[in-house]
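Participant: next input, structure requested:
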Amino acid sequence: MVVTDEAIRSYLASHRGNGVVLALPVLYPREVLTALDLCGVEVWAHRTPPGCCTQGAGSMQPYLCPTVRGARVLLGQGFEGAIAAVIPHTCDSMQGLAAIGLDMGASAMPVVTFRHPRGGDRASAREFLQAELRAFIASIERIAGRKLTMDRLGDAIELHEGIDRAMRRVLRMRTCIALGDVELYRILRKREWMRASDFAFELRALEQMIDSAATPRKGIPLMVSGMVPEPSDFFEAVDAAGAYVAVDDYAAIGRRLPMHDTQEAEPIGRLIDRMMGAAPCPTRTSDPWSRVRYLVERARAARAPGAILHTVKFCEPELFDVPVLRRGLEEAGLKVLHIETEFEPQMSGQLVTRIEAFVEMLGGGDA
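Facilitator: Numbering: from 1, shown residues only. Below is the predicted model:
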């Protein structure tokens, strides 16, 4: 999704609540924004006219990922209704972007950072995350000009927990929904810019389409792992080749869903549980083999014979893991295709051909 799309701007014109907060990938406490009646709008892909990136990102290296380059331009230009930008410490490039906004005054709006702990779930990580959450809440409160009550935060967490449960169910039962991947992901990615209550309504309609007695979907089931499904015609290429996405490990969709509901009662503790309970991600862990084990288990459960590693150009966290992921998945018996995109408007013919050849190698559309 490109945040400057007319459909998104039209929605935000009448549904922004008390303001828009731009949020960069991947993990941030969006429940806090919901509790303060702020509309979080995620910036994954911001395409700019030729020459614009050079003008807006002159203080950054040219080999940065397109998410950071595009966000740098967007922060400098501003965004209608935006009162702040949230920049998590997803990678060193994101940290550099935050420094430019904070220290060099290169942002048209206030910048709020959010750091999440690296590594596994441990006491020190939870203490660190609690301090970060409280600092984040204080910053957003100051910008929004109002206080956050724990009751409102609890209600927002409950709303997002319901959304997460529904998304997990939809992704798990995707073969029982009479929608192709193109339309399914068009709906799921509305979470990136819709108010949570509006998205929950759309998600309920999607859940109602689940038919457990439906005829099994034809085609080769694939596992896809990456940051974000851009360009969106990736799904068209997969479908045309005779396959479908059976396992989603996109950071923008399935990977950041908490794997289990939290049992914690206190709102801050629930937020910590939710963040610590997300699936393994290279932006939060230094152990790629934990990702391998997780992905192999999911691929086997879906009976997916192959995986596509779909990375964004210059995305260091993802690219660092590719060699280990390829080795681990192949040792587990999966075929692996690695493709790289850069938020271009559509897939190149070469990439489409590679996907077609990969699916054909897996057995064509005769699953």
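Participant: quick one: contacts for residue 83?
Facilitator: 19-21, 38, 109-110, 143-144 (CB atoms under 8 Å, 6 or more residues apart in numbering). To be clear about C-beta, it is placed using only N, CA and C from the backbone, and glycine gets the same treatment.
Participant: the helix or strand where it lies pairs with which strands?
Facilitator: Using DSSP states H and E, residue 83 sits within strand 82-88. Strands that pair with strand 82-88, judged by DSSP bridges, come out as strand 20-23 (parallel), strand 111-114 (parallel).
Participant: mind checking how far it is from the chain centre?
Facilitator: A distance of 16 Å separates the centroid of the chain from that of strand 82-88, by CA atoms, centre = their mean, to the nearest Å.
Participant: average pLDDT for the helix or strand residue 325 falls within?
Facilitator: Using DSSP H and E, residue 325 sits in helix 316-331. For helix 316-331, mean pLDDT is 95.
Participant: kindly report the same for stretch 33-51.
Facilitator: The pLDDT scores in stretch 33-51 average 78.
Participant: could you do stretch 101-116 as well?
Facilitator: Confidence for stretch 101-116, expressed as mean pLDDT, is 81.
Participant: what about the contacts of residue 83, which are in helices?
Facilitator: 143-144 (DSSP state H).
Participant: still on that earlier bit, got the CA coordinates for the helix holding residue 325 in CSV?
Facilitator: Extracted in CSV, the C-alpha atoms of helix 316-331 (Å, rounded to 0.1, in the frame of the first residue of the first chain):
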residue,chain,number,x,y,z
GLU,A,316,19.8,-5.7,5.8
PRO,A,317,17.9,-7.6,8.5
GLU,A,318,16.2,-9.8,5.9
LEU,A,319,19.2,-10.2,3.7
PHE,A,320,21.5,-11.3,6.6
ASP,A,321,19.1,-14.2,7.3
VAL,A,322,18.7,-15.4,3.7
PRO,A,323,21.7,-17.8,3.5
VAL,A,324,20.7,-19.5,6.8
LEU,A,325,17.0,-19.7,5.8
ARG,A,326,17.8,-21.1,2.4
ARG,A,327,20.1,-23.7,3.9
GLY,A,328,17.8,-24.7,6.8
LEU,A,329,14.7,-24.9,4.6
GLU,A,330,16.4,-26.9,1.9
GLU,A,331,17.8,-29.3,4.5
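Participant: which residue is the nearest non-sequential neighbour of the residue nearest the centre of the chain?
Facilitator: With distances taken as CA atoms, centre = their mean, residue 252 lies nearest the centre of the chain, 1.4 Å away. Excluding its sequence neighbours, the residue lying closest to residue 252 (CB to CB, 6 or more residues apart in numbering) is residue 228, at 4.2 Å.
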